[in-house]
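*Asks:* This is the structure alone, sequence omitted:
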């Protein structure tokens with residue numbers, strides 16, 4: 001199979017990439033909602049640009065690009081929460097060198113929307129780089145949001161729009177990557193549209209247990225503070241356990257980088273400090289996504305209970321139960337909104353379970 005076969009559900013984007021792989025322009029913008037496979041699309045296109053066959057998926061060049069070890073494909077890393085001007089200067093330095101063995105130097109830069117944030121936005125520096133591109137360099141830029149401040153940068157690129165992935169799309173991608181059908185479907189359902197999270201969940205044997213734990217919450221809340229706090233502790237421990245696959249992957253990456261450095265390799269990837277910052281961001285994001293997975297699961301439980309009652313006689317007892325489930329959905333929805341402003345996990349869970357327990 002070729003390098004584009006793993007981009008399930010992105011037929012229009014694939015057609016555009018195929019038409020550009022032999023005579024590329026200097027910059028492309030991959031634009032899609034969170035979980036729409038932006039990074040995979042950029043890496044696949046990078047392989048197609050460098051491959052003698054246009055992205056066969058099986059040659060050494062394709063393999064190196066897809067595995068992230070091809071020196072002529074450089075995935076940029078930012079030094080902080082936003083892209084700093086120093087980051088853009090480093091990207092420009094890399095972009096101006098000559099290819100070592102491939103046709104192009106391909107620079108992959110994700111979350112470009114972060115160039116317009118911070119005290120010293122770096123978008124003007126990126127714009128200058130794009131306006132004076134080296135002849136044999138191709139920039140692949142990825143964004144989820146396109147703020148107005150980014151309009152000038154975006155105007156310098158050919159846009160490749162991507163669509164959000166459905167659960168069935170994610171499950172197919174996972175199965176194409178060797179995941180069993182049952183595990184792929186469960187991971188896709190739990191990932192809330194995020195392919196990278198689905199890949200992590202597919203290697204996590206505890207995802208079914210955590211879904212069962214969250215589904216049992218309404219039955220286990222007995223109206224007491226002690227009962228709510230015991231459930232908070234259990235969910236908190238489950239979230240800790242959910243991060244084990246990510247932590248193992250990060251540890252492997254750290255060991256590989258240390259090994260490259262001790263062996264004198266110059267291909268150790270991003271600086272160690274940046275890798276550690278990235279790892280911390282990944283952990284924070286994983287905890288947040290795991291918490292949101294639980295809240296989504298809990299929402300489905302209450303919605304399913306309401307759906308079961310619609311066919312029942314609408315007597316006073318049924319009306320009371322419907323009102324209770326409606327109130328519960330409001331409480332869970334408010335907890336979900338709070339995840340955007342606070343990461344005090346224990347406080348959020350405590351408030352959630354205490355309020356639900358009072359219904």
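*Replies:* On my side now, so go ahead. Every value quoted in this text rests on a predicted model; they were computed, and no experiment measured them.
*Asks:* C-alpha from now on. contacts and neighbour counts both.
*Replies:* Noted.
*Asks:* Which strand or helix spans the spatially most central residue of the chain?
*Replies:* The centroid of the chain falls nearest to residue 196 when counting by C-alpha atoms, centre = their mean (4.9 Å). Here residue 196 sits within helix 195-202, counting by DSSP states H and E.
*Asks:* neighbouring contacts of the helix or strand just after that helix?
*Replies:* Downstream of helix 195-202, the first helix or strand assigned by DSSP H and E is helix 207-215. Helix 207-215 has contacts (C-alpha atoms under 8 Å, 6 or more residues apart in numbering) with 186-187, 201, 235, 238, 242, 294-295, 297-298, 301.
*Asks:* Out of those residues, grab the one that's most surrounded.
*Replies:* residue 187 (27 neighbours; other C-alpha atoms under 10 Å).
*Asks:* ok, now which ones touch that one?
*Replies:* 171, 198-199, 201-202, 207.
*Asks:* Could you do residue 83 as well?
*Replies:* 112, 114-115, 117, 121-122.
*Asks:* Same check on residue 198?
*Replies:* Counted by C-alpha under 8 Å, 6+ apart, residue 198 has contacts 170, 174, 187-188, 190-191.
*Asks:* let's see 10 Å
*Replies:* 35, 167, 170-171, 173-174, 183-192, 204 (C-alpha atoms under 10 Å, 6 or more residues apart in numbering).
*Asks:* what's the pLDDT at it?
*Replies:* Looking at residue 198, its pLDDT stands at 84.
*Asks:* Return the distance of it relative to residue 250.
*Replies:* Distance, residue 198 to residue 250, using C-alpha to C-alpha, to the nearest Å: 17 Å.
*Asks:* So for the strand or helix carrying residue 168, mean pLDDT?
*Replies:* Using DSSP H and E, residue 168 maps to helix 167-176. Mean per-residue pLDDT for helix 167-176: 88.
*Asks:* tell me the average confidence for the following helix or strand past it?
*Replies:* Following helix 167-176 in sequence order, the next helix or strand is helix 181-190 (DSSP H and E). For helix 181-190, mean pLDDT is 81.
*Asks:* what helix or strand is residue 141 on?
*Replies:* Counting by DSSP H and E, residue 141 is found in strand 137-143.
*Asks:* got the residue ranges for the helices in the stretch 251-359 of the chain?
*Replies:* Per DSSP state H, counting those that start in this stretch, the stretch 251-359 of the chain carries helices over the ranges 272-309, 316-338, 345-357.
*Asks:* Buried residues, the longest one. List them.
*Replies:* By that I understand helix 272-309. Within helix 272-309, the residues scored as buried using 16 or more other C-alpha atoms under 10 Å are 275, 278-279, 282-283, 286-299, 301-303, 306.
*Asks:* What of stretch 162-179?
*Replies:* Going by 16+ other C-alpha under 10 Å, stretch 162-179 has these buried residues: 162-175, 179.
*Asks:* who's in contact with residue 22?
*Replies:* Contacts of residue 22 (C-alpha under 10 Å, 6+ apart): 48-54.
*Asks:* Can you say which of these are buried?
*Replies:* Buried among the contacts of residue 22 (16+ other C-alpha under 10 Å): 48-51, 53-54.
*Asks:* from those residues, which is closest to residue 60?
*Replies:* residue 51 (8.7 Å; C-alpha to C-alpha).
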